[in-house]
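# Sequence and predicted model, in that order:
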Amino acid sequence: MGETTLDYDAEAERYDETRGGVPRAEAAAGAVLRLVPPGARTLLDLACGTGLVTERLVRPGLWVFGADAAAGMARKAAQRVGGGVVLADARALPLADGAVDVVSAVWLLHLVPFSAAIVAEAARVLSPGGVFVATVDKDAAHDVGSDIDRVLAPYRSHERASDRGDRIAATAAAHGLAPACATRFPGHGQGTTPRRTAENLRRGYYASWFDGSPGTTDALVAELAELPDQDRPRADPAYRLVSFRRPVTGG
């Protein structure tokens, strides 16, 4: 989306290899399909990126298409997704009210300050009985209780997280969506190392949850450098996926 820090057009060519590749995509797609209700015929995958997850959302009778706001991502996805890909902002979809049975948003809501607008738009385009499926609490999932996390714990804050589960649930309820199901799936290849964590702190990558000053960063980098196995990845995160259902009229 336009307000995020990464240039997703530029990222498109190397995005898959830096985000866990096929194993993570397969885990995400499998989790989404677990929350897709029987009888669903259409699924829109928001912020579909390169389509690596989208193309794996395969089930008999389910027509899947994608949408992304970055032209570079949409071009890559169009080569993979049989149902098609549209270039669109997740806050203003080119769809009529009640047009689709499922809207999925994997690894999207944590990236933007306007997650509430995305939930509202998803609710608008859902058919009666349809579901909105989304990852929540993504940054929190990366706290796996490792030695790295013990160093960072005093400086973690999820108050500002735009994908906080309680915040998304409240927004969904405000737009007529009721909690349905939830599941978890592994973030293959996303376990971090002390060295990489220190580099990311220096680059300001953790701005969404890091509650500390530049001086604090220096101290934490030094503490991380003292940890053993500087290049050994710690445990992968387990991401949380939730769904919200639009009630059937009169149900």
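That came through, no problem.
# just for the stretch 151-251 of the chain, where's the confidence low?
Scanning the stretch 151-251 of the chain for pLDDT under 70 picks out the ranges 250-251.
# What segments of this structure are helices?
Using DSSP state H, the helices of the chain run over 8-11, 15-18, 21-35, 71-78, 115-125, 138-141, 147-152, 165-174, 194-203, 214-225.
# Tell me how many other residues surround residue 92.
Other residues near residue 92 come to 10 when the count uses other Cβ atoms under 10 Å. Every residue, glycine included, has its C-beta placed from N, CA and C.
# Pull the contacting residues for the closest residue to it other than its chain neighbours.
Excluding its sequence neighbours, the residue lying closest to residue 92 (Cβ to Cβ, 6 or more residues apart in numbering) is residue 121, at 6.9 Å. Each residue near residue 121 by Cβ atoms under 8 Å, 6 or more residues apart in numbering is listed here: 90-93.
# Nearest residue to the middle of the chain?
A centroid search over the chain (Cα atoms, centre = their mean) returns residue 107, at 0.9 Å, as the residue closest to the centre.
# Would you list the phi and psi of it?
phi 50, psi 50 (degrees, to the nearest 10).
# Is there a neighbour count for the nearest residue to residue 140 once chain neighbours are set aside? I'd like the number.
Spatially, and ignoring its direct neighbours in sequence, residue 140 is nearest to residue 158 (5.3 Å; Cβ to Cβ, 6+ apart). A count of nearby residues for residue 158, using other Cβ under 10 Å, gives 17.
# Phi and psi next, for residue 158.
phi -110, psi 20.
# Can you name the residues that contact it?
By Cβ under 8 Å, 6+ apart, the contact set of residue 158 is 137, 139-140, 164, 209.
# picking up where we left off before, pLDDT score for the residue nearest to residue 92?
Here, the pLDDT recorded for residue 121 equals 98.
# I'd like the distance between it and residue 215.
Applying Cβ to Cβ, to the nearest Å, the value for residue 121 to residue 215 is 41 Å.
# Which pLDDT does the model give residue 13?
Note on residue 13: pLDDT of 49.
# Please identify the buried residues of stretch 202-221?
Residues of stretch 202-221 classed as buried by neighbour count (16 or more other Cβ atoms under 10 Å): 206, 208-210, 212, 217, 220-221.
# typo on my end, stretch 222-230
Under the neighbour-count criterion of 16+ other Cβ under 10 Å, stretch 222-230 has 224, 227 buried.
# How far does it sit from its chain's centre?
Distance of stretch 222-230 from its chain centroid, counting by Cα atoms, centre = their mean, to the nearest Å, is 29 Å.
# which residues touch it?
Residues outside stretch 222-230 that contact it (Cβ under 8 Å, 6+ apart) are 147-148, 151, 193-195, 197-198, 201.
# How about stretch 104-120?
For stretch 104-120, using Cβ under 8 Å, 6+ apart, the contacting residues are 1, 3-4, 28, 32, 43-47, 53, 57, 90-91, 122, 132-136, 138-139, 161-163, 167-168, 171-172, 175, 177, 208, 239, 241.
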